[in-house]
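fold the following.
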Amino acid sequence: MFGIKRKKKFGQTSLETLALLLAALIIVGVSAAVYNIFYMRFSPVSVEEAKVQFVQGEDSVAAGASIGTNGTSVLFNSISGWPNTTRIYEGIVGIKNFDTQERNIRLEFDGWSGDTTAIEYIHVKVFDESDLQQGNTVEVGTDGSSTGDMEIQAGTTWRVQLEIKWKADALSTYQVSFALRLIVQGE
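From the prediction side, this is the model:
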């Protein structure tokens, strides 16, 4: 008799526990549907002139540089080189700080395509007004390659130099395309 009562009591307790768990789940499910919504509005969002811009360099015409109307982009369409020879464009473009304070900038490799295995190297270097190299040499084709952070003083213009060398067996039909990013810190 004692065993039967215990069995009954145990069954009742399990059912009560199950009922409580189901009720708790329903309550949790209902309370999870309560939301508080906050809003962020931006008006107006305006355009301002870029404080650091690309400007013409000594070799911009030879390199086929086409600077965007706001100075924040540049496209080169006449860069070339001979096989097994280094060609240097000393000033394919300038980087000018139009601001009244110094700015931190970084030039970095972004990607490339084409006959990349036929390239010995493409180096991009940045020089200040005293002709001293600023930062590291950007190795086109090397992920993560950059000048590192550089501080360009207010009102100064730095020149960007490009060096390209095709391998000795490169054919005149070979081409590569590549992109660099200029990152300007601050607003």
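
nearest spatial neighbour of residue 178, chain-adjacent residues omitted?
The shortest distance from residue 178 to any non-neighbouring residue, by C-beta to C-beta, 6 or more residues apart in numbering, is to residue 112 (3.7 Å). Backbone N, C-alpha and C define where each C-beta goes, glycine included.

buried sites along stretch 113-122?
By neighbour count with 16 or more other C-beta atoms under 10 Å, stretch 113-122 contains the buried residues 118-119, 122.

do me a favour and get the end-to-end distance for it?
Stretch 113-122 has an end-to-end distance of 13 Å (C-alpha to C-alpha, to the nearest Å).

distance between that stretch and the chain's centre?
Offset of stretch 113-122 from its chain centre (C-alpha atoms, centre = their mean, to the nearest Å): 22 Å.

what bridges to the nearest residue to residue 186 once chain neighbours are set aside?
Computed as C-beta to C-beta, 6+ apart, the closest residue to residue 186 that is not its neighbour in sequence is residue 103, at 6.2 Å. In this entry, residue 103 is beta-bridged to residue 152, by DSSP bridges.

contact partners for residue 103?
Contacts for residue 103 were tallied using C-beta atoms under 8 Å, 6 or more residues apart in numbering; they are 51-52, 97, 151-152, 154, 184-186.

rerun that using 10 Å as the cut-off
Contact analysis of residue 103 by C-beta atoms under 10 Å, 6 or more residues apart in numbering lists 51-52, 95, 97, 150-154, 156, 184-186.

can you give me the helices in this protein?
Secondary structure of the chain by DSSP state H: the helices cover 2-31.

could you chop it up by domain?
The chain is divided into the following domains under automatic domain parsing: 1-38, 52-184.

adding mean pLDDT and distance to residue 44, write those out as CSV.
Output for the domains of the chain, formatted as CSV (pLDDT from 0 to 100; distance: least, C-beta to C-beta, whole Å):
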stretch, mean pLDDT, distance to residue 44
domain 1-38, 65, 21
domain 52-184, 97, 19
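
among those domains, which is the most enclosed?
Highest mean neighbour count of the domains of the chain: domain 52-184, a mean of 16 (counted as mean count of other C-beta atoms under 10 Å).

now do that domain: distance to the chain's middle.
Computed by C-alpha atoms, centre = their mean, the chain-centroid distance of domain 52-184 equals 16 Å.

now the end-to-end length of it.
End-to-end for domain 52-184, by C-alpha to C-alpha: 7 Å.

again, but for stretch 37-47
Stretch 37-47 has its terminal residues 30 Å apart, counting by C-alpha to C-alpha.
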